[in-house]
Every structure is written in structure tokens, then in C-alpha cells.
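Novice: Any chance you could fold what I've pasted below:
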Amino acid sequence: QVQLVESGGGLVRPGGSLRLSCAASRFAFSNYGMGWFRQAPGKEREFVGFIAKSGSATYYADSVKGRFTISRDNGQNTVYLQMSSLNPEDAAAYYCARYRYGTTLTPGRRDAYDYWGQGTQVTVSS
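Specialist: Sure, this is the predicted structure:
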């Protein structure tokens, strides 16, 4: 069974930084694109960013562009989300997800992903 385990969430002050990790197992990680989503209470889960399987391409939601960076280490089967200049609107549960193999769906769509992690909570508060 595919496993995706996020970590690194916590409490950070406005303007601060945080790095999330997503450890993947039980599938050929380097063959899959990976995405990050987030969900705040009472809101729909929204796209944050995507990284291609080789790491050669990344895409971001406009709301995080220039502040968040996605990277991956295929040797460690891990994808990262580096977040900086955090503000209270970034507070949410953050999820990593596996992009469906062979799909042509845009990476911003939730149905483009077939497996999800359990999420890690990010709180931004002074």
C-alpha cells in the first residue's frame, strides 16, 4: 500500500519560515510527480504546488508563488515544501499527494492525484 507521511508542521510567527517533508514509500517514487495541497477549517482543499518526477519542473498557486518552493530527493523518496514569509492566511493542514501515473489532468486539480498523506498542521500566529 502506498504511503505518504508528512512532517514538519508546527507553530510559526508571521513572516517566519517552515519546511515540510513528505516521505513516500511502497511505490517507485521517481516515476511520479508530486503535489502539495492545503486545507483550512471550513474551506476546500486547495492546490499549493507541484513538482515533476525528475524535479525539472515546478508549478505554484499564485497565492504562494515567490514564497514557497517545492523540491524533491528521489534518492530519499522525499518531497519538500519550503515556506517563507508566512502569514495567517497560510495556516492550514498541508497534504502531499501522488500525481496519477500517465494522467494529463492539470496538476492543480485534486482528482489528478490518487494517494494522499494524512496531513501536517501549520499554524501562523504571533
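
Novice: hang on, Gln83 packs against Gly15?
Specialist: That one is not Gln; residue 83 is Met. No. Using CB atoms under 8 Å, Met83 makes no contact with Gly15, being 11.4 Å away. Where C-beta positions appear, they are placed from N, C-alpha and C, glycine not excepted.

Novice: who has more neighbours, the two?
Specialist: Each of Met83 and Gly15 has its neighbours counted (other CB atoms under 10 Å); Met83 has more, 23 against 11.

Novice: Show me the shaky parts of the protein.
Specialist: For the chain, applying pLDDT under 70 flags no range at all.

Novice: need the contact list for the residue most central in space within the chain.
Specialist: Centroid check for the chain by CA atoms, centre = their mean gives Trp36 as the closest residue, at 2.1 Å. Neighbouring residues of Trp36 by CB atoms under 8 Å, 6 or more residues apart in numbering: 20, 22, 47-50, 70, 79, 81, 94-97.

Novice: which of these are buried?
Specialist: 20, 22, 47-50, 70, 79, 81, 94-97 (16 or more other CB atoms under 10 Å).

Novice: Let me know the closest of these to Val5.
Specialist: Of all these, Val5 sits closest to Cys22, with 6.9 Å by CB to CB.

Novice: Does the closest one lie in a helix or a strand, and which?
Specialist: Using DSSP states H and E, Cys22 sits within strand 18-25.

Novice: in that strand, what counts as buried?
Specialist: By neighbour count with 16+ other CB under 10 Å, strand 18-25 contains the buried residues Leu18, Leu20, Ser21, Cys22, Ala23, Ala24.

Novice: What are the buried residues along whichever helix or strand comes after that strand?
Specialist: Proceeding N to C from strand 18-25, the next assigned helix or strand is strand 34-39, under DSSP H and E. Using 16+ other CB under 10 Å as the test for burial, strand 34-39 gives Met34, Gly35, Trp36, Phe37, Arg38.
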